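Trainee: Just the structure for this:
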Amino acid sequence: MGIFRQRPAPEPPPLVYRQCPGCDYDLVTGVGSKSCGWYDCPYLPEELKVFCPDCNHNFATGEGAPWCGEPPNCRWAAEGYQHAQNARRFQADQHRPAPVPAIRGLQASSGRGGDREVPER
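Mentor: Okay, the predicted model is just below:
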């Protein structure tokens, strides 16, 4: 008999999206100018698209007049709200400052001049 171990589910790969040079379009609110002139960004991953493909209702902001009623209940609604949540999370991650790596072997400065590097023991 073998021993079976549960493996954690693999995490999905991170979403990769870079705006075109000169583009300041906000993918969540739909505000800003697009340098490419496209109606919908061709490089935007499917998981970040917040607009309904039928009526152009924005699931992130609630703007637009959904054809299916208020609140939207069409076949795109559940997926659209999930995409809106993904887009908000993605934008929050983009604006979060990168962590500063700790430098090993340095002591904190005492505020007096002449502090120098002291190796760890």
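Trainee: can we go C-alpha only for contacts and neighbour counts from here?
Mentor: Will do.
Trainee: So which residue is dead centre in the protein?
Mentor: residue 90 (0.8 Å; Cα atoms, centre = their mean).
Trainee: Would you mind measuring from it to residue 68?
Mentor: 28 Å (Cα to Cα, to the nearest Å).
Trainee: cool, residue 46 as well?
Mentor: Distance from residue 46 to residue 68, by Cα to Cα: 22 Å.
Trainee: In terms of neighbours, single out the busier of the two.
Mentor: residue 68 (13 against 10; other Cα atoms under 10 Å).
Trainee: How about that one: what's its closest non-neighbour residue?
Mentor: Among residues not flanking residue 68 along the chain, residue 74 sits closest, at 5.8 Å (Cα to Cα, 6 or more residues apart in numbering).
Trainee: quick one: pLDDT of the one you found?
Mentor: At residue 74, the pLDDT value in this model is 84.
Trainee: what's the burial count for it?
Mentor: With other Cα under 10 Å as criterion, residue 74 counts 15.
Trainee: Now do it against residue 80, distance only.
Mentor: Noted for residue 74: a distance of 10 Å to residue 80, by Cα to Cα.
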